[in-house]
Each structure stands twice: as C-alpha cells, then as structure tokens.
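**Student:** coords please:
(3 chains)
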Amino acid sequence: MPELPEVETTLRGIQPHVLNKKIVNINVRQPSLRWAIPVEILLNKLINKEFSGIKRRGKYLLLESSQEFLIIHLGMSGSLRITDYGDIKKHDHVDIVFEDESILRYCDPRRFGCFLWTDDPSNHFLLKNLGPEPLGNKFNGHYLFDLSRKRKTPVKNFIMNSKVVVGVGNIYANEALFKAKIRPTRQAGKISLNQYETLSMEIVSVLKKSINKGGTTLRDFIRSNNTPGYFKNELMVYGRAGKTCKNCPSSLKEIRLAQRSSVYCPKCQS
DNA sequence: CGAACGACCTGCAGGC
DNA sequence: TGCCTGCAGGTCGTTC
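**Tutor:** Numbering: from 1, shown residues only, chains lettered A, B, ... in the order given. Reported below is the predicted structural model:
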C-alpha cells in the first residue's frame, strides 16, 4: 500500500482525529514488527498525554508529544485507520485509544513496518541519513546530476535510494522514468543534466498527482468504505507488463532491477 | 565509499 | 480441492 502519496494521504486522513486528544490506553497485540515495539516506553510517554503535531519525513510518520516523537512506518502492507469500536481484525497489531473512545488502529499483515520512540529525530538511526524530500526545495535536476556522477547503478535504483531522495518507491519510480523517457537500466552517472531536470520534475509531478487522488490504494481511514479509486487508473507502466504502451504501439517490457519489477517501453524510453 | 543481495513476513494468484 | 512456487507498495544490514 504505502508509497509517499499513500503515507501523505494517511497523514491527512488521521490528523484531525488524533491531535490534542488525551490518550487513555495503548493496546499492543503483536509487538514483533521489524523492530520490537517498545511497549513500556510508549505507555510511559503517552498515557494521559496527547499528540500535539504530526508530520511526515519520507515514508515515516512522526507524531509529536512533549517534544518527543512516535515514529511509525507502514512497511509494505501497513495501514492506519480511525475507528471507534472493537472489531479487531487479523493483523490489527496496535490501538491507541483516546479519551473520546476513538481509536487509532495500526494494521500490518507482513509486519515490515515499525512503531518506535525517539526524543531526537535528527539523530535517530532511521532518519539521520535520509536524503531530501522530493516535494521540498532541495530536490531538483542539478542535485540528482551532481550526486550521480560516477555512479554505475541503474538510474531506477539510484532514485529509489532513500539516501538520494526519500519517498520514491517502485510504482512511482517506474512511472516517472516512463514520463521522462529514460530507460530504468541506464547508468545513473551517464544521464545528462537535462534529463535529470526532466526526471526530477516528473517525480514531483507524479507524486503530487497521486496525492491529489488520495494515493494509489487507500482511502479507508475514517469510514471503512472499500472505495478503490485512485491513481491506479493513471498508471502508464506499473502493472502493465506485456500490454500496449499508452504512447506508441509497442509492448511494454518487464525486467528485474534490485529484485524489483521494472516495466518500461522499449521504444519510448532510451 | 558504492553496489549487490539476503532478510524480515503474510497473503494471494497461478500452475499442476 | 490442495499443494507448491513466486511475487507483492520497503529498506536495513551484511558482504564484497
């Protein structure tokens, strides 16, 4: 589920329901995520307190309380939703219960996500080496061009590296490279400044468009309506291997890069 | 330092 | 129907 647009959509969905409400209980049914949930610490830090703010760094959500932060990552399959009853489904691992009986509920079937605590986000091991935000002002073609010189890795791997830029996952890497007409296998260090300018703009564009559509997969925080919806209809290459390119009559090719499915048009992308 | 790859875990689709 | 394989939105840690 979660790439950057899905995490941003999650943030916007839960924000009005979690801020400035007293936390009365935290139930951890399964502490074994990618790193064990520090249950005692969370209880000590959060019971009878409230969240004063929520922000996103890459795909991490940071919920602030008393100048300290709950770090949440959704991994491959995680989700957060607001509910107000105890209909607990399989893989609903954590509840944060508020005074008004509403609940912030975390579900993560594959348990690749995390729930951690930090009093110093800028030095936290998960956050301190992250590259710039793609939607921030440090991210542009010059930045990618300069950083990529002498890099031999395929450009798709390069833009999916969170030390280079955060938040570009497999769907949007494929999509942005298609829009920029760059083949995903091209060596990062051999791509021109012009092409990196195009690529950086397309990354921003595809992420913003997806955020505006509520992400590619979610929309069920507040109500458990199963509305699909989304950005999925706009996908040009992801999930379309073997189908016809939307720009030309060619058939889209699929290869694997860094063990991730990579789809491109052999005619449009060079 | 960069690059490649395994690891973590469950669910599901497809083939036999 | 059931079993087996491979793949899925991420990314850290290890090794070369």
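**Student:** Counting neighbours, what do you get for the closest residue to DNA strand C within the stretch 51-200 of chain A?
**Tutor:** When distances are taken as C-beta to the nearest atom of the strand, the stretch 51-200 of chain A reaches nearest to DNA strand C at A:G169, 2.2 Å away. Placement of C-beta: from N, CA and C, glycine included. By other C-beta atoms under 10 Å, the residues close to A:G169 number 21.
**Student:** And it, how close does it get to DNA strand B?
**Tutor:** Note on A:G169: its distance to DNA strand B, by C-beta to the nearest atom of the strand, to the nearest Å, is 14 Å.
**Student:** Mind pulling up the pLDDT for the closest residue to that residue other than its chain neighbours?
**Tutor:** Among residues not flanking A:G169 along the chain, A:E3 sits closest, at 3.8 Å (C-beta to C-beta, 6 or more residues apart in numbering). pLDDT recorded at A:E3 is 91.
**Student:** Tell me the helix or strand right after the longest helix out of those in chain A.
**Tutor:** Counting by DSSP state H, the longest helix found in chain A is helix A:193-212. Using DSSP states H and E, the helix or strand that follows helix A:193-212 towards the C-terminus is strand A:253-257.
**Student:** buried stuff in the helix or strand following that following strand?
**Tutor:** Sequence order places strand A:260-264 as the next helix or strand after strand A:253-257, per DSSP H and E. Under the neighbour-count criterion of 16 or more other C-beta atoms under 10 Å, strand A:260-264 has A:262-264 buried.
**Student:** now what about stretch A:167-180, what contacts it?
**Tutor:** Contacts with stretch A:167-180, where a contact means C-beta atoms under 8 Å, 6 or more residues apart in numbering, come from A:3-5, A:7, A:58-59, A:133-134, A:155-156, A:159-160, A:183-184, A:195, A:198-199, A:202-203, A:205-207, A:210, A:216, A:235-238, A:260-265, A:268-269.
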